[in-house]
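# Prediction below, plus the sequence it came from.
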Amino acid sequence: MQSEVARATVLAAVKSVDAVVIFSEDTPIHLIETLEPDVLVKGADYTLGTVVGADLVIGRGGKVILAELLSGHSTTETVQRVAKAPTEKRA
């Protein structure tokens, strides 16, 4: 399992991601209430009914996306691949 910082770093590198926030509460409900995102993305291992804050986002006209889970493409696996990659020597 990778640390929150490692996972956040990988997610922040995705071009379409505006921001990544690490929160200390059990759920991100207060963060969702404060930021009022237009789009909320969770993995397809969730259902619309189990995504915390989905009702708030949808109620404001936003959308909730349940992203397809692809084998070998989890943040944990991506961070592990990056950590094992040889580093380039720079002049």
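Right, received. Where do you want to start? Numbers count the residues shown, from 1 in each chain.
# Sketch out the strands for this structure, chain order is fine.
Using DSSP state E, the strands of the chain run over 39-43, 63-67.
# Can you list the buried residues in the first one?
When neighbours are counted by 16 or more other CB atoms under 10 Å, the buried residues of strand 39-43 are found to be 40, 42. Yep, even glycine has a C-beta here, placed from its N, CA and C like the rest.
# Each with direction, which strands does that strand pair with?
strand 63-67 (parallel) (DSSP bridges).
# roughly how far apart are the most centrally placed residue in the chain and residue 43?
The centroid of the chain falls nearest to residue 11 when counting by CA atoms, centre = their mean (6.0 Å). Distance, residue 11 to residue 43, by CB to CB, to the nearest Å: 12 Å.
# Worst mean pLDDT across the helices and strands of the chain, which element?
Least confident helix or strand of the chain, by mean pLDDT, DSSP states H and E, is helix 75-84 with a mean of 70.
# returning to what we had before: list the residues that contact the nearest residue to the residue nearest to the centre of the chain once chain neighbours are set aside.
Excluding its sequence neighbours, the residue lying closest to residue 11 (CB to CB, 6 or more residues apart in numbering) is residue 20, at 4.8 Å. The contact partners of residue 20, by CB atoms under 8 Å, 6 or more residues apart in numbering, come to 8, 11, 12.
# Quick check: the first one touching residue 22?
Looking back up the chat, that one is residue 8. Yes. If you go by CB atoms under 8 Å, residue 8 and residue 22 touch, sitting 5.7 Å apart.
# between the two, which one's more packed in?
Taking other CB atoms under 10 Å, residue 8 and residue 22 do not tie; residue 8 has more neighbours (17 against 10).
# Between the strands of the chain, which one is closest to residue 77.
Nearest of these to residue 77, taken as CB to CB: strand 39-43 at 13.2 Å.
# ok, residues contacting the closest one?
Counting by CB under 8 Å, 6+ apart, 32, 51, 53, 54, 57, 62, 63, 64, 65, 66, 67, 69 sit against strand 39-43.
# Find the residue ranges of this protein scoring beneath the pLDDT cut-off.
Within the chain, the stretches with pLDDT under 70 are 1-2, 73-76, 78-79, 82, 87-91.
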